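**Student:** what shape does this take:
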Amino acid sequence: MDYRKMEFDKENLEDLFVMSVGYQKCKPNFSYYYRKKRVCLIHYIISGKGKVIINGLEYNLGAGEYFLIKRNDTATIIADENDPWTYVWINFNGNKVDIFSSIPNATGIISNSLYQGIEEVFDMKCNQQYFMLSKLYALYNELCTPAKKTAVEKIADYVRNHIKEKLYVTEIAERFHIDRKYLAKLFKDRYGTGLKEFITVSKIRSSLPYIKSGLSIKTVSEMFSYEDQFVYSKAFKKIMGFTPKEYKNKSEI
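**Tutor:** Numbering: from 1, shown residues only. Here you go, the predicted model:
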């Protein structure tokens with residue numbers, strides 16, 4: 001199903017209440033414009049990627065990230081042309097909805113608890129409002145709590161969440177506002193390797209189940225954004241000690 005939505009009764013709540021939740025698998029270049037709504041929305045991206053422009057500021061986002069549209073914000077959301085995103089959203093209001101204005105970041109990486117909650121609520125027969133309200137408060141606490149993860153750990157999470165995409169060290173450094181040389185040092189200190197090698201190792205290790213499943217080496221290399229199958233095979237052998245073909249043959253025995 002490409003689109004689902006559930007609306008909620010207010011249940012005599014005034015401080016904070018959920019108006020609706022939804023799921024949408026967007027078509028390429030799908031766009032939507034929000035003009036100074038008197039409500040708040042949080043979107044969580046399940047897969048794919050796209051762009052959101054909030055009050056003139058542009059963010060390129062992908063799986064595992066959220067974006068928050070606060071009351072009176074102006075926003076445009078645009079799905080990617082080649083890998084359009086799929087997301088869930090929660091739409092909420094109330095006398096205390098402006099507490100979400102204290103959330104420091106309009107976008108970022110969060111857990112998938114909102115997605116899990118929305119999946120569950122679609123199957124519930126009662127108490128949907130209070131169930132989703134509890135999820136909303138938990139999400140507020142997560143977004144307001146100082147991140148326990150270091151910048152390097154967040155970047156590592158970002159790499160894992162976007163592992164099938166073409167990843168560039170320069171673009172990642174810019175996204176996380178860290179100098180490229182300093183980022184290389186941080187990764188070396190934390191993981192014993194630079195970010196570029198970390199990306200390569202992560203891609204190769206993530207590709208192993210696909211090779212084992214019987215897919216062609218060319219298909220798997222393209223799946224992980226390698227334009228040249230031989231570049232993928234060379235990286236594979238350097239990291240694993242044998243070629244993808246040898247690994248494939250071993251798996252078939």
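**Student:** distance from the helix or strand that K234 is a member of to the middle of the chain?
**Tutor:** Counting by DSSP states H and E, the element that carries K234 is helix 229-240. Helix 229-240 sits 27 Å away from the centroid of its parent chain (C-alpha atoms, centre = their mean, to the nearest Å).
**Student:** same check, this time on stretch 175-183
**Tutor:** Remark: stretch 175-183 is offset 20 Å from the chain centroid, using C-alpha atoms, centre = their mean.
**Student:** likewise stretch 220-233?
**Tutor:** Centroid separation for stretch 220-233 versus its chain: 23 Å, with C-alpha atoms, centre = their mean.
**Student:** by contact count, what packs against whichever helix or strand comes after the helix holding K234?
**Tutor:** Later in the chain than helix 229-240, the nearest helix or strand by DSSP H and E is helix 244-252. With contacts defined as 3 or more C-beta pairs under 8 Å, 6 or more residues apart in numbering; DSSP states H and E, helix 244-252 has these neighbours: helix 195-212, helix 217-223, helix 229-240. No exception for glycine: its C-beta is placed from N, CA and C like everyone else's.
**Student:** picking that back up, need the contact partners of the helix holding K234.
**Tutor:** With contact meaning C-beta atoms under 8 Å, 6 or more residues apart in numbering, helix 229-240 is reached by 200-201, 203-205, 207, 217-218, 220-222, 224, 226, 243-245, 247.
**Student:** hang on, the earlier thing: make JSON lines out of the helices and strands packed on helix 244-252 and add distance to A173 and mean neighbour count.
**Tutor:** Listed next are the helices and strands packed on helix 244-252 as JSON lines, based on distance: least, C-beta to C-beta, whole Å; neighbours: other C-beta atoms under 10 Å:
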{"stretch": "helix 195-212", "distance to A173": "8", "mean neighbour count": "18"}
{"stretch": "helix 217-223", "distance to A173": "25", "mean neighbour count": "18"}
{"stretch": "helix 229-240", "distance to A173": "21", "mean neighbour count": "16"}
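**Student:** could you dump the ones you listed into JSON lines with mean pLDDT and distance to L183 added?
**Tutor:** JSON lines is the format used below for the helices and strands packed on helix 244-252 (pLDDT from 0 to 100; distance: least, C-beta to C-beta, whole Å):
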{"stretch": "helix 195-212", "mean pLDDT": "93", "distance to L183": "6"}
{"stretch": "helix 217-223", "mean pLDDT": "95", "distance to L183": "26"}
{"stretch": "helix 229-240", "mean pLDDT": "94", "distance to L183": "21"}
